[in-house]
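Trainee: no FASTA, just this:
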């Protein structure tokens with residue numbers, strides 16, 4: 001299931017008591033807040049916006065994620081269908097200082113590039129033209145009112161709380177600032193709870209070991 005930006009606009013008007021024409025907030029204004037809160041979510045929870053694609057390597061060890069990537073998340077398979085192991089670059093620098101100049105071959109290991117979320121290293125270095133399956137957090141488009149938001153319905157109230165927080169925070173009156181704080185707390189708590197629930201939902205043992 002999915003939902004549209006228009007659905008968020010309608011619900012935001014109801015929560016903020018802005019359903020009578022002339023509206024206090026224009027549709028365009030609310031749509032901008034929807035886009036802003038989605039981009040905030042991308043930074044805090046990049047795992048919600050993962051895309052999997054095939055990447056063709058360039059010659060050498062250093063590789064780049066797709067241009068629409070906000071952050072590389074994982075290298076899933078190499079050209080042989082194997083799962084490359086993520087290793088620590090500092091460790092291999094100590095053990096094999098000249099590893100980047102070694103014999104090229106299929107990527108059996110990969111490393112994150114320090115201080116650059118969209119670059120990574122493969123080991124052995126690539127001869128170029130190898131097909132890697134990678135997962136990355138995709139940068140978001142500028143949504144229009146009629147567009148569908150590519151998230152589960154479960155995140156509809158989270159986004160709605162975030163939108164109402166941004167809108168109410170612009171009001172200087174005490175009542176509105178209190179409501180803004182309420183929406184902000186609901187929004188941030190829901191995002192944090194989503195990470196905690198993954199210990200249970202994503203663990204092979206159902207989270208038994210994680211809860212001990």
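Mentor: Structure received. Just so we're clear, the structure is a prediction, and the values are computed from it rather than from any experiment. Residues are numbered from 1 along each chain as shown.
Trainee: just the helices from the chain, written as ranges.
Mentor: Along the chain, the stretches classed as helices by DSSP state H are 5-15, 27-44, 89-95, 156-168, 174-201.
Trainee: adding distance to residue 115 and mean neighbour count, write these out as TSV.
Mentor: (C-beta placed from N, C-alpha, C; glycine too.) Formatted as TSV, these follow (distance: least, Cβ to Cβ, whole Å; neighbours: other Cβ atoms under 10 Å):
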stretch	distance to residue 115	mean neighbour count
helix 5-15	35	18
helix 27-44	17	17
helix 89-95	12	12
helix 156-168	29	22
helix 174-201	24	14
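Trainee: which regions of the chain lie under the pLDDT threshold?
Mentor: Residues of the chain that meet the criterion pLDDT under 70 lie in 1, 171-177, 194-212.
Trainee: any idea what sits nearest the spatially most central residue of it, other than its immediate chain neighbours?
Mentor: Centroid-nearest residue in the chain: residue 46, 1.8 Å away (criterion: Cα atoms, centre = their mean). The shortest distance from residue 46 to any non-neighbouring residue, by Cβ to Cβ, 6 or more residues apart in numbering, is to residue 137 (3.4 Å).
Trainee: hang on, the one you found packs against residue 49?
Mentor: Yes. Assessed by Cβ atoms under 8 Å, residue 137 is found in contact with residue 49 at 5.0 Å.
Trainee: would you list the phi and psi of residue 130?
Mentor: Backbone torsions for residue 130, taken as degrees, to the nearest 10, come to phi -80, psi 140.
Trainee: residues near it, how many?
Mentor: Applying other Cβ atoms under 10 Å, we find 20 residues neighbouring residue 130.
Trainee: residue 136 touches residue 75, doesn't it?
Mentor: No. Under the criterion of Cβ under 8 Å, residue 136 is not in contact with residue 75, lying 9.9 Å apart.
Trainee: for residue 44, list the residues it contacts.
Mentor: Contacts for residue 44 (Cβ atoms under 8 Å, 6 or more residues apart in numbering) come out as residue 191.
Trainee: identify the residues contacting stretch 157-174?
Mentor: Under the contact criterion Cβ under 8 Å, 6+ apart, stretch 157-174 has outside partners 8, 11-12, 15-16, 25, 30, 33-34, 36-38, 40-41, 149, 151, 176-177, 179-180, 183-184, 186-187, 190-191.
Trainee: list the buried residues in stretch 59-78.
Mentor: 61, 62, 63, 65, 69, 70, 71, 72, 73, 75, 78 (16 or more other Cβ atoms under 10 Å).
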